[in-house]
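> task: produce atomic coordinates for the following.
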Amino acid sequence: MSGHSHYATIKRQKALTDAARGNVFSKHSKAIMIAAKGGGDPESNFKLRVAIDRARLDNMPKDNIQRAIDKATSEGGVLDEVTYEGFGPLGVSVIVEAATDNKNRTSQEIKNLFERGGGSMAGPGSVAYNFESKGFLLVKKTEDPDSQTLAIIDMGVEDIAESEDGLEVYLAPDKLGEVRKKLEEAGYEVTQAELQMKPKTLMEFGPQETDRIVKFLETLETNDDVVKVYANI
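Numbering: from 1, shown residues only. Below you'll find the predicted structure:
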């Protein structure tokens, strides 16, 4: 069991603010297009299903989702998936996942954002060693979260953290679909399902420092090519 608060939690709490920026659907489209490279059927391509589910959480219209899939499966819809690593203010480790049709442009833009925010972009592997790929499920809490937690542990998950939003469940990426199905069959409501880069160790800061770092991370997220940002805060 772990009970920490981290950037993924902060982002969920700010979801409505982020949605108001107007570029949320564009980011979802790119995530769907990248995932659809593995096939346009969400039933057989779980990564695509996860991307679609995330888009639906932000009320992305069904037609927009289908257009992104169609574009990805056509010759004209080629996007490259690129990962950048670096250090933000106060040395916080950052991973940026992007989808772009121009790697040189995106690389320069991300580098500039790091430098303007008081950080620096670094080479591959510089911070990735401190993150590990995990499946993530956010489950709505019942009236008896302790019993619920024990029941979920028996389903073969690796870690559970209780937060204001619900129970944060971490598991091996290849078990994401299987465990989600078990949870739903058991009558639990899964409000979020995705693949994440989870930090192995965290850095803790006071309110003012945290606010500075979060603003920097938000600046990265406003870039049109950026799909996800992870940090060990």
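
> let me know the next secondary structure element after the lowest-mean-pLDDT helix or strand in the chain.
For the chain, scoring each helix and strand by mean pLDDT, DSSP states H and E identifies helix 15-19 as the least confident one, at a mean of 51. Using DSSP states H and E, the helix or strand that follows helix 15-19 in sequence is helix 24-35.

> got the angle between the helix or strand that comes right after that next one and helix 24-35?
Counting by DSSP H and E, the next helix or strand C-terminal to helix 24-35 is helix 46-57. Counting by axes from the mean of the first three to the mean of the last three Cα atoms, to 10 degrees, helix 46-57 lies at 170 degrees to helix 24-35.

> helices or strands up against helix 46-57?
helix 24-35, helix 62-72, helix 176-185, strand 190-199 (3 or more Cβ pairs under 8 Å, 6 or more residues apart in numbering; DSSP states H and E). Every C-beta, even on glycine, is put in place using the N, C-alpha and C of the backbone.

> and the contacts of it?
25, 28-29, 31-32, 34-36, 38-43, 64-65, 69, 176-177, 191-195 (Cβ atoms under 8 Å, 6 or more residues apart in numbering).

> tell me which residues in it are buried?
For helix 46-57, a neighbour-count test (16 or more other Cβ atoms under 10 Å) marks 46, 47, 48, 49, 50, 51, 52, 53, 54, 55, 57 as buried.

> what's across from the nearest residue to residue 131 once chain neighbours are set aside in the sheet?
With sequence-adjacent residues excluded and distances taken as Cβ to Cβ, 6 or more residues apart in numbering, residue 131 is closest to residue 197, at 4.3 Å. In this entry, residue 197 is beta-bridged to residue 133, by DSSP bridges.
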